[in-house]
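Visitor: Model the structure of this input:
(2 chains)
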Number of protein chains: 2
Amino acid sequence: MKTTIPTVKGTRDFYPEEMAVRAWLLGKIRKVSEMYGYQEYEGPFLERLDLYAAKSGEELVNKQSYVFEDRGGDRITLRPELTPSLARMVAQRQNELAFPARWWMFGPFWRYERPQKGRTREFFQWNIDMLGANTPECDAEMIAIAVSLFRELGLPADKVRIAVNSRKLLNDELAALGMPEDLRKEVIHIIDRRDKLPPKDWEDYVLGTGITTGQMQGIYIMLKDEQLWQKSEELRRVFAVLDQMGMSEYVEFDPGVIRGLDYYTGVVFEAQARAGGRAIFGGGHYDNLISAVGGNQLPATGFAMGDVMITVLLKEYGLIPDLQLVPADVFITAFDEDSLADSFALSAELRAAGLKVVVYPEAVKLQKQLKFADRMGIRFVVIAGPDERAAGQVTVKDLLSRTQETVDRASAASAIRKMLAQAAPV
Amino acid sequence: MKTTIPTVKGTRDFYPEEMAVRAWLLGKIRKVSEMYGYQEYEGPFLERLDLYAAKSGEELVNKQSYVFEDRGGDRITLRPELTPSLARMVAQRQNELAFPARWWMFGPFWRYERPQKGRTREFFQWNIDMLGANTPECDAEMIAIAVSLFRELGLPADKVRIAVNSRKLLNDELAALGMPEDLRKEVIHIIDRRDKLPPKDWEDYVLGTGITTGQMQGIYIMLKDEQLWQKSEELRRVFAVLDQMGMSEYVEFDPGVIRGLDYYTGVVFEAQARAGGRAIFGGGHYDNLISAVGGNQLPATGFAMGDVMITVLLKEYGLIPDLQLVPADVFITAFDEDSLADSFALSAELRAAGLKVVVYPEAVKLQKQLKFADRMGIRFVVIAGPDERAAGQVTVKDLLSRTQETVDRASAASAIRKMLAQAAPV
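Guide: Got it, this is the predicted structure:
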C-alpha cells in the first residue's frame, strides 16, 4: 500500500469504535451534569490571545498555546482552556443572566505539549462551572459532581482521590511566615513546581527568591501539616458538606495542591489516580476572572476534565463496557440491478415504520451480502427475490434465532418489530 | 459596564438558548443518520495543508483556509472541510474496514470568508458519506437522506429543493462540443462561477479561455436543457430510485449545478431554499480522493451541511420549536447557613432516586430563592425549615398546580415522582 498523508502530531482519528467510547464518556458526563441541574453551552474555538493574557498564566499562554495571525492580521489563539471564554460570555450578559448560573460543556481544546500517554495536543474537555454565588458549599458541589462522575464510571475511592486545598489558606500561612504579597504569589507557583525538580535544586530555587531559611522551614512544615485545613473555615465547610453527602471517601486535604492557573483565588482541587498520582482533572474557585475580562466582580467555581487521561485509566481498570456498534435493525439484500430501486423503496417503507435500515447498494453475490450483514452485527435480513416480489411478499431471516418467515410486504415492519420485542433467544 | 474583550470575527457564543437549538438540530441529524444505518466518527481538527492540496481546489486551500506554522515549524490547517480527512482515515485502514462503509459526523470547521447572514468563519457541519460501493443508487441514497432530514425538520418541498447534476454528463457534453480535457475542467469551474459575474463579463471570461463562439453557444444550450439528464444512465437511475422512495417532489435536474470542490467525479447535488436560491448544502460522488491521499482507488459519495444557513431558514419559516430550558425537576431552598450542608445532603438523596436537583447555595431571603426557581422554570420546590427538620419532614411545593404537601423526608423522592407522573394540570 502507498503511504498516506501523515496526521498532525498529537491529534487523533476517531473511527466508529473510538467514537463510541467518546460518546459513551460524554453520555456519562451529560448525565451527571444534568443530575445537578447544569445547562449545556459552548464557546468559540478561536479567541484573541489577550483573553488568556488576562489571567491564565505565563506557561499556558506563552508556551502551550497555538497562536497565529489570521489573513486579516489578527492574533488568534486555538483555545487552550475554556474558563476565560466562559468569563467573557458571562461578563457580556451579566445584567440579563440569572445567578447562580450552572453551566457545562464538552468540546475540543489545543495545547502545544509533548504528546505522551494520557496527553495529546488536541483533546476534548468537560468544563463545569457555577457562577454568581460565593459560599464554600458551591465549591463542595463541584467536588460532589466529580465524585458522582467517578461513581457513574465505576471508579471506586481506592482507585482515585480528590485532593483539596485552599489558595487563601496557603496565602494566609505564607503571610504568617512574614512574606510580602508579591513573594507569596511567586512562592505558591514554586510550590506547584516542586515535583518537577530534584529536592536540592528546588530548595536552591526557593532560597534564590529571597526567602529566609526560617521561612523555608515554615514552608516544609506547612506542606506536611495534614490538619492545616482546620484553620480554614471554607475548607471545614467543604469537607462537612461532602461528608453529609456521603462522599468523603474520595476526598482528602492536601496542602501541596496548587493548580497552575493564575486565576484561582480560594478552594482548589485535583483528582488523581491513586496509582502514580496521575492528575485526571483540576479546578477551583475564581473570584476575579469575570472582572478581569471586562465584567463586574462575580465569584465562580468550576473544573475541567480532559478526555485522554480518564480514558487511559478506564481502560487500565477494564471499566469501558463492550460497546455494540450495530448500525441497523434490518439489512435489505440486493437481488439484481433491475430490482435495486425496489430494494431502496422497501427500505423507505421500513424506515417509515421506525426501523433503522441498511440496503446493500450493489447486486453482488448474496453470500457476500450476508457476510457483510453478519460482520456488521445486523440481526434481520430481508430478501425479496422475483417470486416474492410477484407475490407482494418478503422473506425475513432472523440471524440470531436462525429462523425465517415469509410475510406480506406491507406487514414486514410489524413482523420485525414483533420479533425485536421478543426476548432474544439464548 | 466596562468593555469586555472582543470575540474573533465570525465566531459565535452558544449561550444555553443557542446551544439548545444546535442540540435540537444535531438530534434531528443523528436520528436521520441512524435511520439509514450510518455510524458516527470524527476526524482531527488540525490537518497538514498538503491533505487539502491533494484535491480540494485552489479557492478553498489558498484563499479560505486558516493555515499557520506551529511551534515546531509544521504547516497546519484548521480543517475547512472533512472529506479529505475521511479519505485519509479510510485509506489508512483500507484492508481492515468493511465496505460499503456508511459514516457520519457533526463537528466544527473554519473558513476565512466574509461573515454575513447564513455564513460564519467558524461553523458546524454534518458530513455523511458512503464509501466502497459504486452504483447510482448510492448517490440516490445520499439525496434520500437529505430529503429525510428536510421532512424531519418540517421543511416541505415548496420551500426547498435538491438540484442534481452529473459532472460526467457535463464532461461528455463539453467533449461533444470539441473541447480538450484540460479546457473542459476549466470550463466546468467557470460555469460554477457564472452567478458571480455580470452576464457580459462572464461571456468575455469564457471566450478568453480559447473557447469558440460556437462552443459558447453550445454551453448556453446545454445549461438550458432540462431533459439533458435522460442522456445519463446514472441520473436516470438516481431519479428512478428517488421516485420509488416517494421523494421526487424535492428533487430536480439542474444542468447548472457544479459544486466547487475539485474531487467530484460523477453525480453532484445542491440543496437550496426556493426563496432566493440560497445554497443549504451540497455533495456528490468522488472516485479518486482516497487514492489521492495514499489509498487504493475507492468510489465514494456524500455531502456536508453547515449549521448556519439551515438555522437561518428554519427561523425564517418558524420551524424551530419552543425549546424548554428547565434545568431540573426539583429546587431545594437554603434556610440558613447552618443548615446549608443538610440541604446539599437532601439533594444527594433526591438525586440517588433519579431526580435532577438544584440547591440554592446561599442562605438569602426565601423570596429571592423562589423567584429564581420560577425564572428557571423548575416545577417542584422543596423546603426544609427547622420544624420540618426536627420532624424528619420536608414540604414539597408544586409551582404548576400551586399546591403543597408535607411528607417524610425519606419518601420525598417518591412523592415528587408521583406528582411528575400525573398529567400536568391545565
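Visitor: C-alpha from now on. contacts and neighbour counts both.
Guide: Fine.
Visitor: Please name the spatially closest residue to A:Arg409 (chain neighbours excluded).
Guide: Spatially, and ignoring its direct neighbours in sequence, A:Arg409 is nearest to A:Gln393 (4.6 Å; CA to CA, 6 or more residues apart in numbering or on different chains).
Visitor: Bridged to the one you found, which residues?
Guide: Beta-bridge pairing of A:Gln393 under DSSP bridges involves A:Asp408.
Visitor: List the buried residues for the helix or strand containing A:Ala146?
Guide: Using DSSP states H and E, A:Ala146 falls within helix A:136-153. Using 16 or more other CA atoms under 10 Å in any protein chain shown as the test for burial, helix A:136-153 gives A:136-150, A:153.
Visitor: Go back to these and keep what's next to chain B.
Guide: Filtering the buried residues of helix A:136-153 for proximity to chain B (criterion: CA under 8 Å from any CA of the partner chain) leaves A:Glu137, A:Cys138.
Visitor: Mind exporting the C-alpha coordinates of the host helix or strand of A:Ala390 to PDB?
Guide: Per DSSP H and E, A:Ala390 falls inside helix A:386-391. Below are the C-alpha coordinates for helix A:386-391, written out as PDB (Å, rounded to 0.1, in the frame of the first residue of the first chain):
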ATOM      1  CA  PRO A 386     -38.600 -12.200  -8.200                       C
ATOM      2  CA  ASP A 387     -41.100 -14.700  -6.800                       C
ATOM      3  CA  GLU A 388     -41.600 -12.800  -3.600                       C
ATOM      4  CA  ARG A 389     -41.900  -9.500  -5.400                       C
ATOM      5  CA  ALA A 390     -44.500 -11.100  -7.700                       C
ATOM      6  CA  ALA A 391     -46.500 -12.300  -4.700                       C
END
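Visitor: what does it contact?
Guide: Outside helix A:386-391, the residues that touch it by CA atoms under 8 Å, 6 or more residues apart in numbering or on different chains are A:Val394, A:Thr395.
Visitor: Flag every buried residue along it.
Guide: A:Glu388.
Visitor: now do stretch A:37-53
Guide: Under the neighbour-count criterion of 16+ other CA under 10 Å, stretch A:37-53 has A:37-49, A:51-53 buried.
Visitor: Filter these down to the ones in helices?
Guide: With DSSP state H as the criterion, helices contain A:Leu49, A:Leu51, A:Tyr52, A:Ala53 from among these.
Visitor: what ranges do the helices span in the stretch 251-400 of chain A?
Guide: Remark: helices assigned in the stretch 251-400 of chain A by DSSP state H, counting those that start in this stretch are A:289-292, A:307-316, A:340-352, A:366-376, A:386-391.
Visitor: Pull the contacting residues for A:Pro44.
Guide: Per CA under 8 Å, 6+ apart, neighbours of A:Pro44: A:Ser85, B:Thr11, B:Arg12, B:Asp13, B:Phe14, B:Glu122.
Visitor: Can I get those in a markdown table including pLDDT, secondary structure and distance to B:Thr213?
Guide: Formatted as a markdown table, these follow (pLDDT from 0 to 100; DSSP: H, G, I helix; E, B strand; the rest coil; distance: CA to CA, whole Å):
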| residue | pLDDT | secondary structure | distance to B:Thr213 |
| --- | --- | --- | --- |
| A:Ser85 | 97 | helix | 58 |
| B:Thr11 | 96 | coil | 46 |
| B:Arg12 | 97 | coil | 48 |
| B:Asp13 | 97 | coil | 52 |
| B:Phe14 | 98 | strand | 53 |
| B:Glu122 | 97 | strand | 43 |
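Visitor: Residue numbers of the stretch 251-400 of chain A in contact with chain B?
Guide: Going by CA under 8 Å from any CA, the residues of the stretch 251-400 of chain A near chain B are A:293-296, A:325, A:327-328, A:340-342, A:344-346, A:348, A:351, A:354-358, A:361-362, A:372, A:375.
Visitor: From those, list the buried ones, please.
Guide: Buried by 16+ other CA under 10 Å: A:293-296, A:327-328, A:340-342, A:344-346, A:348, A:351, A:355-358, A:361-362, A:372, out of these.
Visitor: Flag every residue of the stretch 101-250 of chain A that's near chain B.
Guide: The stretch 101-250 of chain A comes close to chain B at residues A:112, A:122, A:133-135, A:137-138, A:237, A:240-241, A:244-246, as judged by CA under 8 Å from any CA.
Visitor: Buried among the residues you listed? Make that a PyMOL selection.
Guide: To isolate the buried ones among those in PyMOL, judged by 16+ other CA under 10 Å, type:
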select buried, chain A and resi 112+122+133+134+135+137+138+237+240+241+244+245
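Visitor: Now the two most distant members of the residues of the stretch 101-250 of chain A next to chain B.
Guide: Using CA to CA, these span at most 41.3 Å, a distance reached by A:Tyr112 and A:Gln244.
Visitor: Quick one: residues contacting A:Gly266.
Guide: A:Ser166, A:Arg167, A:Lys168, A:Leu169, A:Gly284, A:His285, A:Tyr286.
Visitor: Would you format these as TSV with neighbour count included?
Guide: Output for the contacts of A:Gly266, formatted as TSV (neighbours: other CA atoms under 10 Å in any protein chain shown):
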residue	neighbour count
A:Ser166	26
A:Arg167	21
A:Lys168	16
A:Leu169	22
A:Gly284	28
A:His285	27
A:Tyr286	23
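Visitor: from those residues, which two are the most distant?
Guide: A:Leu169 and A:Tyr286 (14.4 Å).
Visitor: Spatially nearest residue to A:Thr77, not counting backbone neighbours?
Guide: The spatially closest residue to A:Thr77, leaving aside those adjacent along the chain, is A:Val67, at 4.5 Å (CA to CA, 6+ apart).
Visitor: I figured that neighbour hits A:Leu49, correct?
Guide: Yes. With contact defined as CA atoms under 8 Å, A:Val67 reaches A:Leu49; the gap is 7.3 Å.
Visitor: which residues are common contacts for those two?
Guide: By CA under 8 Å, 6+ apart, the residues touching both A:Val67 and A:Leu49 are A:Arg75, A:Ile76, A:Thr77.
Visitor: still on that earlier bit, how about the residue nearest to A:Thr77, secondary structure?
Guide: Following DSSP: H, G, I helix; E, B strand; the rest coil, A:Val67 is assigned to strand.
Visitor: how about it, what does it touch?
Guide: Counting by CA under 8 Å, 6+ apart, A:Val67 makes contact with A:Leu49, A:Arg75, A:Ile76, A:Thr77, A:Leu78.
Visitor: got a winner among the residues you listed for most neighbours?
Guide: Highest neighbour count within those, by other CA atoms under 10 Å in any protein chain shown: A:Thr77, with 23 neighbours.
Visitor: Tell me what that residue is bridged to.
Guide: A:Glu47, A:Val67.
Visitor: Need the per-residue pLDDT for it.
Guide: For A:Thr77, the pLDDT comes out at 95.
Visitor: quick one: low-confidence parts of chain A?
Guide: For chain A, the stretches with pLDDT under 70 are A:1-2, A:423-426.
Visitor: Let's see that with 80 instead.
Guide: Residues of chain A that meet the criterion pLDDT under 80 lie in A:1-3, A:54-57, A:422-426.
Visitor: mind giving me the domain ranges of it?
Guide: Residue ranges for the domains of chain A, per automatic domain parsing: A:16-316, A:330-420.
Visitor: end-to-end on the longest one?
Guide: One end of domain A:16-316 sits 21 Å from the other (CA to CA, to the nearest Å).
Visitor: Off-centre distance for that domain?
Guide: How far domain A:16-316 lies from its chain's middle: 14 Å, per CA atoms, centre = their mean, to the nearest Å.
Visitor: how about the contacts of A:Val67, which pair is most distant?
Guide: A:Arg75 and A:Leu78 (10.4 Å).
Visitor: Please identify the residue of the stretch 201-350 of chain A positioned nearest to chain B.
Guide: Scanning the stretch 201-350 of chain A for the residue nearest chain B gives A:Gly294, at 4.0 Å (criterion: CA to the nearest CA).
Visitor: thought that residue was touching B:Thr4?
Guide: Yes. The pair A:Gly294 / B:Thr4 is scored as a contact, 4.0 Å apart, by CA under 8 Å.
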